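Engineer: Sequence first, predicted model second:
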Amino acid sequence: MDTKIYQEVELVEAAHQIAEGQLVAFPTETVYGLGANALLEDSVRQVFEVKGRPSDNPLIVHVADFSQVEEYVDNFHPLTKKIVANFWPGPLTLIFFIKKASLPLVVTGGLSTAAFRMPDNKKTLEFIKLAGVPIVGPSANTSGKPSPTTAQHVYHDLKGKIAGILDDGATEIGVESTVLDISDPTKPPMILRPGAITKEALEAVLKTTVEVDRHLVEENEVPKSPGMKYKHYSPDTKVLMVRPDDWQAALKVSREKGLKIGILASPSVVSSWGNQAEASFSYQENTIEAATRGLFAGLRALDEGTDLDVILAEAFPEEGLGIAYMNRLKKAAAQNFFEK
Ligand code: TXA
Ligand code: MG
């Protein structure tokens with residue numbers, strides 16, 4: 001199969017192809033998604049095959065209008081309206097109880113709940129409207145690899161396996177949406193996966209406590225979100241996280257071991273230490289936003305370029321957006337920090 005990069009004028013054709021059952025990758029503000037018509041069981045099954053994704057990991061259903069959610073859900077959490085009004089379209093996925101058997105089992109992984117999201121990307125919202133059906137969309141990468149933040153990343157992983165890709169340049173946020181469980185109307189909302197919409201941002205708007213799944217805080221807890229238990233985002237090269245004061249020591253130890261080193265960090269770090277590494281990938285600015293935007297692209301670039309032995313990656317404080325950045329980086333690094 002030839003994988004097409006659709007031109008602007010071909011949005012209607014792309015929408016027609018996905019409605020008919022083909023797989024089409026689409027841009028969002030977080031990462032690129034691998035789209036399929038959520039109502040066609042065979043197409044959704046192909047999504048799992050193409051990605052090599054475990055079949056018990058349910059998918060997010062992407063919608064362009066809240067009325068699409070109402071077709072599958074009738075028992076809403078009292079905070080739903082407020083959440084949707086403030087955060088959709090945006091990087092926030094909501095978990096609802098669905099009407100029995102209203103979505104194919106492959107979409108929900110057999111759960112009585114399902115995940116919904118309205119992505120903040122004009123092209124994709126138009127695409128979903130034109131398709132006229134809800135669209136499942138896991139990140140459009142081979143399972144286990146860093147999520148794609150450009151159409152080129154998608155092409156690299158999935159060329160020949162999907163009908164086409166809608167290209168809208170590099171994504172703005174760089175990590176996947178926050179997943180918020182509001183399935184039980186009697187319980188407070190709970191964050192199952194950290195993303196750009198933080199606990200603080202939710203609490204400020206909702207004026208109520210938002211909980212965080214214990215496994216995100218404590219290592220031996222089983223995650224409520226099935227996808228969180230899998231090894232993720234891992235390049236083939238070993239990744240070590242480096243705390244702000246440890247760059248000199250981390251480079252010294254790695255050089256003494258004769259390792260070929262890659263650095264993934266902010267411009268300030270790269271300008272100080274880049275000359276001691278074989279390769280470096282610099283985030284665009286010295287901010288957590290720029291780091292989050294560049295994390296997956298940087299892991300891919302360093303992994304695929306020079307044959308490195310180790311990627312030394314900048315650790316950030318675990319607060320605000322830093323929680324989402326560190327959640328993904330820790331997985332890529334199998335939890336390993338450089339220790340003096
Ligand atoms: O930003 C994003 O969310 C991207 C873009 C493409 O929209 N999509 C994405 O999809 O990250 P995926 O499939 O890689 O991640 C979906 C997450 C997984 O952790 C999955 O376990 C969880 O959502 N999830 C899906 N349905 C769920 C449910 N009913 N209950 C709990 N977690 C669920
Ligand atoms: Mg993913």
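Structural biologist: Perfect, thanks for sending it. Residues are numbered from 1 along each chain as shown. Ligands and ions are numbered 1, 2, ... in the order given.

Engineer: Just list the residues touching residue 205, thanks.
Structural biologist: Shown in contact with residue 205 (Cβ atoms under 8 Å, 6 or more residues apart in numbering): 82, 83, 86, 87. Every residue, glycine included, has its C-beta placed from N, CA and C.

Engineer: How is this structure divided into domains?
Structural biologist: Following the assignment in automatic domain parsing, the chain carries domains at 4-212, 238-332.

Engineer: any chance you could read off phi and psi for residue 168?
Structural biologist: As for residue 168, its main-chain torsions (degrees, to the nearest 10) stand at phi -130, psi 30.

Engineer: gap between the nearest residue to it once chain neighbours are set aside and residue 37?
Structural biologist: Nearest non-adjacent residue to residue 168, counting by Cβ to Cβ, 6 or more residues apart in numbering: residue 27, 3.7 Å away. Distance, residue 27 to residue 37, by Cβ to Cβ, to the nearest Å: 18 Å.

Engineer: between the two, which one's more packed in?
Structural biologist: Neighbour tally, residue 27 and residue 37, criterion other Cβ atoms under 10 Å: the higher count belongs to residue 27, 28 against 23.

Engineer: per-residue pLDDT, the more buried one?
Structural biologist: Reading off the confidence values, residue 27 has pLDDT 98.

Engineer: next one: phi and psi at it?
Structural biologist: Backbone torsions of residue 27, given as degrees, to the nearest 10, read phi -80, psi 150.

Engineer: quick one: contacts for it?
Structural biologist: Listed by Cβ under 8 Å, 6+ apart, the contact set of residue 27 reads 33, 121, 123, 124, 151, 166, 167, 168, 169, 171.

Engineer: quick one: it from residue 152, how far?
Structural biologist: 12 Å.

Engineer: any residues in contact with both of those two?
Structural biologist: With Cβ under 8 Å, 6+ apart as the test, residue 27 and residue 152 reach no residue in common.

Engineer: mind listing the strands in the stretch 151-300 of the chain by residue range?
Structural biologist: For the stretch 151-300 of the chain, strands defined by DSSP state E, counting those that start in this stretch occupy the ranges 164-166, 178-181, 190-193, 211-212, 238-242, 261-265, 279-282.

Engineer: May I see these organised as a markdown table, with distance to residue 75 added?
Structural biologist: A markdown table is the format used below for the strands of the stretch 151-300 of the chain (distance: least, Cβ to Cβ, whole Å):
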| stretch | distance to residue 75 |
| --- | --- |
| strand 164-166 | 34 |
| strand 178-181 | 14 |
| strand 190-193 | 17 |
| strand 211-212 | 20 |
| strand 238-242 | 42 |
| strand 261-265 | 44 |
| strand 279-282 | 46 |
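
Engineer: Tell me which of the ones you listed sits nearest to residue 111.
Structural biologist: Across those, residue 111 has its closest neighbour in strand 178-181 (11.3 Å, Cβ to Cβ).

Engineer: From the chain's centroid, how far away is that closest one?
Structural biologist: 12 Å (Cα atoms, centre = their mean, to the nearest Å).
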